[in-house]
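No letters, just coordinates:
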């Protein structure tokens with residue numbers, strides 16, 4: 001197995017998938033964070049055997065391959081730390097998403113409420129809703 005190609009490609013795919021999830025969540029297009037599912041798909045990157053395989057390949061490599069493997073090793077180490085951090089962030093986001101604020105009788109998640117805030121034309125109503133939203137976010 002080619003650790004440079006396969007693992008490098010998977011690291012790129014992981015980054016793209018996480019950025020997409022964050023965009024959809026932040027824009028209110030998605031109600032529940034699925035980062036945990038994304039991380040689960042790429043869990044092999046956080047496995048110690050992946051890092052061991054890269055290190056063994058790096059130890060026997062010379063020239064440009066040694067440099068690429070060193071960069072790949074750093075990428076996998078960063079990914080492993082990211083996995084831990086993202087797991088914590090996912091728990092926090094899930095808590096935020098379970099929180100609701102009511103708008104015209106409709107319960108909205110906090111991301112949906114933030115998105116709705118930009119669509120309110122009346123400045124007094126918008127300010128009132130903004131204050132309610134800020135109060136709910138402070139509770140969380």
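Here it is on my side, so go on. Being a predicted model, the structure only gives us computed values, none of them experimental.

could you pull out the strands for this structure?
100-103, 106-109 (DSSP state E).

and of these, who's closest to residue 83?
strand 106-109 (25.0 Å; Cβ to Cβ). Where C-beta positions appear, they are placed from N, C-alpha and C, glycine not excepted.

Can you list the neighbours in contact with the closest one?
Identification of contacts with strand 106-109 by Cβ atoms under 8 Å, 6 or more residues apart in numbering yields 28, 31, 96-102, 116.

any weak-confidence spans in this structure?
The chain contains residues with pLDDT under 70 at 1-4, 31-33, 35-36, 140.

quick one: the helices in the chain?
For the chain, the helices defined by DSSP state H occupy 3-26, 35-41, 48-60, 64-98, 110-117, 123-139.

Which two of the contacts of strand 106-109 have the greatest separation?
Longest span within these, Cβ to Cβ: 98 and 116, 17.7 Å.

who has more neighbours, the two?
residue 116 (18 against 11; other Cβ atoms under 10 Å).

what's the distance between the more buried one and residue 67?
In this view, residue 116 and residue 67 are 49 Å apart by Cβ to Cβ, to the nearest Å.

Please apply the same query to residue 132.
The value you get for residue 132 to residue 67, if Cβ to Cβ is used, is 54 Å.

In terms of neighbours, single out the busier of those two.
Shown here are residue 132 and residue 67; by other Cβ under 10 Å, residue 132 has more neighbours (15 against 12).
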